[in-house]
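Student: Kindly generate the corresponding structure for this input.
(one chain, ligands or ions: 1)
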Amino acid sequence: MDCRSRLRSRSAVTLPTGRNEAAAAAAQATSAAQAVTIESFLAELAAFQTAASESLGGVSDGSGLEQARIEFLGARSGRLKAIQKLLSGLASADRPAGGRHFNEAKGAVTALFAALQDKLAVVGAGSAAVADAIDVTLPGELVRLGHVHPITQTIRRVQEIMARLGFESVDGPEVEDQWHNFEALAIPAEHPARDPLDNFYLAVARGTDPLLLRSQTSTVQIRVMENRRPPLRIVSLGRVYRPDTADATHYPMFHQVEGLLIEPGTTMAHLKSVLRQLASSFLGGDVHVRFRPSFFPFTEPSVEFDMEWGGRWIEMGGAGMVDPAVLAAVGYDPDEVSGFAFGLGVERIAARRYGVADIRDFYRNDVRFLRQF
Ligand code: FA5
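Tutor: Okay, the predicted model is just below:
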């Protein structure tokens, strides 16, 4: 109850005296005319609360809430303000109770407004988030993923196939010495394969031993046999280097697969069987393997092996039984152990598998070509 109301209500119970008697009497008459019973006052409050609550139930946005606030709680002409004015019409004995009920109703309705205001703020934030969200029905942006180079794919596939046949993958260095690249493989000093024109010798040497980029992965046979005892089944895939002129089937840097098996009782039949398994697993379908007599200083007998696939015979690499001189060079007793070895060009088998006519395409770094695999 504000001061003005209190003043006015006091005048309603004070008997008029002196000059202001007439005005006081008029005021009393007015008050009497506006006399409000506590029952009707409480009914007004109850109706106000019900109307406010119903009206807020239909509010769904901020502007609706503001309109309702002005209608019910507006400081100048809101419905609560009108009820407040009725307080002064209550009998003075009822005024404290009326004031208490008024304050309770005001508090309750104000709380309803505040709660709805909070709710609309959350919903509003939610709709803003929805507006900003990604439209999942739109077509996505294509993310281009890189992928493994076809030569690396080939290497991994061969490693997998050979692992199933019990061959462990091993690595060897690309910078080699004379012993591992030539001498232990029974390639003597005067052999044409050691000619500087056929090898990448390095400007550095280990002592007096010239070093070179390895020209074949057969070096790994030696390194493994020097360090391990039979039985052995290893496969080694890696880069080799030869100053060959690049053409459709040659590149100065290429990859080889080297296989070595040292086990008692090994024969050429085992060699052929392993190569047929490798060929048919890698190329799929019915692949035939054939041997043609050949020569390698480190195998005896030696063969070139070809695969027949798609109606054509293709030379894949060299192979043979490990030469006793090689076994002796690594400290094995050639009378006790025997085994086979083979080496083939990775680019050549990859080209067959992927239908590539020119192995130089693998190294042109043209992503339009590489994306095909
Ligand atoms: C050798 O390198 C022997 N070390 C293979 C071997 C291993 C024989 C074990 C016996 C026992 P050759 O020089 O033929 O062999 O090479 C093997 C294969 O490498 C070839 O058949 C061919 O497929 C591939 N090759 C050779 N030179 C190149 C080149 N410049 N570019 C791409 N591939 C090549």
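Student: list the buried ones in the strand or helix carrying A105?
Tutor: Secondary structure from DSSP states H and E places A105 in helix 95-132. For helix 95-132, burial by neighbour count (16 or more other Cβ atoms under 10 Å) applies to R95, G98, H101, F102, A105, K106, V109, L112, F113, L116, L120. No exception for glycine: its C-beta is placed from N, CA and C like everyone else's.
Student: And the contacts of the helix or strand harbouring W179?
Tutor: W179 belongs to helix 178-181 when assigned by DSSP H and E. Defining contact as Cβ atoms under 8 Å, 6 or more residues apart in numbering, one finds that helix 178-181 is touched by G172, I187, R194, D209, P210, L212, R214, S215, Q216, T219, I222, R223.
Student: That one close to the ligand?
Tutor: No. With Cβ under 6 Å from any ligand atom as the criterion, the ligand is not reached by helix 178-181; the gap is at least 10.1 Å.
Student: helix or strand right after that helix?
Tutor: Next along from helix 178-181, by DSSP H and E: strand 200-206.
Student: And the pLDDT at the nearest residue to R69 once chain neighbours are set aside?
Tutor: The shortest distance from R69 to any non-neighbouring residue, by Cβ to Cβ, 6 or more residues apart in numbering, is to F113 (5.9 Å). At F113, the pLDDT value in this model is 92.
Student: Then A27?
Tutor: Note on A27: pLDDT of 46.
Student: What residues does the stretch 251-373 of the chain have near the ligand?
Tutor: Residues of the stretch 251-373 of the chain lying near the ligand (Cβ under 6 Å from any ligand atom): 251, 254, 256, 296, 299, 315, 317-320, 341-345, 347-348.
Student: Which among those count as buried?
Tutor: For those, buried by 16+ other Cβ under 10 Å: 251, 254, 256, 296, 299, 317-320, 341-345, 347-348.
Student: The residue in the stretch 1-150 of the chain that the ligand sits nearest to: neighbouring residues, count only.
Tutor: The ligand sits closest to P150 of the stretch 1-150 of the chain, with a gap of 14.4 Å, by Cβ to the nearest ligand atom. Using other Cβ atoms under 10 Å, the number of residues around P150 comes to 21.
Student: just checking, it touches A351?
Tutor: No. Contact criterion Cβ atoms under 8 Å: P150 and A351 do not qualify, at 9.2 Å.
Student: Can you work out which residues contact both of these two?
Tutor: F362.
Student: is it true that W313 lies in a strand?
Tutor: Yes. Counting by DSSP: H, G, I helix; E, B strand; the rest coil, W313 is found in a strand.
Student: Who does it form a beta bridge with?
Tutor: E308 (DSSP bridges).
Student: do you know how far it is from A329?
Tutor: Distance of W313 to A329, computed by Cβ to Cβ, to the nearest Å: 34 Å.
Student: Name the residue in these two with the higher neighbour count.
Tutor: A329 (18 against 13).
Student: Report pLDDT for that one.
Tutor: At A329, the pLDDT value in this model is 96.
Student: For it, which non-adjacent residue is closest in space?
Tutor: Nearest non-adjacent residue to A329, counting by Cβ to Cβ, 6+ apart: A184, 4.4 Å away.
Student: what does V59 give?
Tutor: Sequence neighbours aside, L65 is the residue nearest to V59 in space, at 5.0 Å (criterion: Cβ to Cβ, 6+ apart).
Student: Quickly find the element holding that neighbour.
Tutor: Using DSSP H and E, L65 sits within helix 62-73.
Student: Contacts for that helix, please.
Tutor: For helix 62-73, the external contacting residues (Cβ under 8 Å, 6+ apart) are 48, 51-52, 55-56, 58-59, 78-80, 106, 109-110, 113, 116-117, 120, 124.
Student: What of stretch 192-207?
Tutor: 175, 177-178, 182, 187, 210-213, 215, 241-243, 297.
Student: Go through the residues you listed and say which is closest to the ligand.
Tutor: R242 (5.1 Å).
Student: Now do the contacts for the closest one.
Tutor: R242 touches D198, N199, F200, S215, P252, F254, counting by Cβ under 8 Å, 6+ apart.
Student: can we see that at 6 Å?
Tutor: S215 (Cβ atoms under 6 Å, 6 or more residues apart in numbering).
Student: Roughly how far does it sit from V326?
Tutor: The spacing between R242 and V326, counted by Cβ to Cβ, is 21 Å.
Student: what stretches of the stretch 101-250 of the chain score poorly on pLDDT?
Tutor: 127-131 (pLDDT under 70).
Student: how about the residues of it near the ligand?
Tutor: Going by Cβ under 6 Å from any ligand atom, the residues of the stretch 101-250 of the chain near the ligand are Q216, S218, R242, D244, H250.
Student: hmm, which two among those residues are most spread apart?
Tutor: S218 and H250 (18.6 Å; Cβ to Cβ).
Student: Mark which of the residues of the stretch 101-250 of the chain next to the ligand are buried, thanks.
Tutor: Restricting these to buried positions leaves Q216, S218, R242, with burial counted as 16+ other Cβ under 10 Å.
Student: Which one of the residues you listed is nearest to D132?
Tutor: Closest to D132, out of all of these and judged by Cβ to Cβ, is R242, at 61.0 Å.
Student: Thought V257 was touching V158, still the case?
Tutor: Yes. If you go by Cβ atoms under 6 Å, V158 and V257 touch, sitting 5.4 Å apart.
Student: what angle sits between the helix holding A105 and helix 62-73?
Tutor: 180 degrees (axes from the mean of the first three to the mean of the last three Cα atoms, to 10 degrees).
Student: after helix 95-132, next one along is what?
Tutor: Toward the C-terminus from helix 95-132 - assigned by DSSP H and E - lies helix 150-164.
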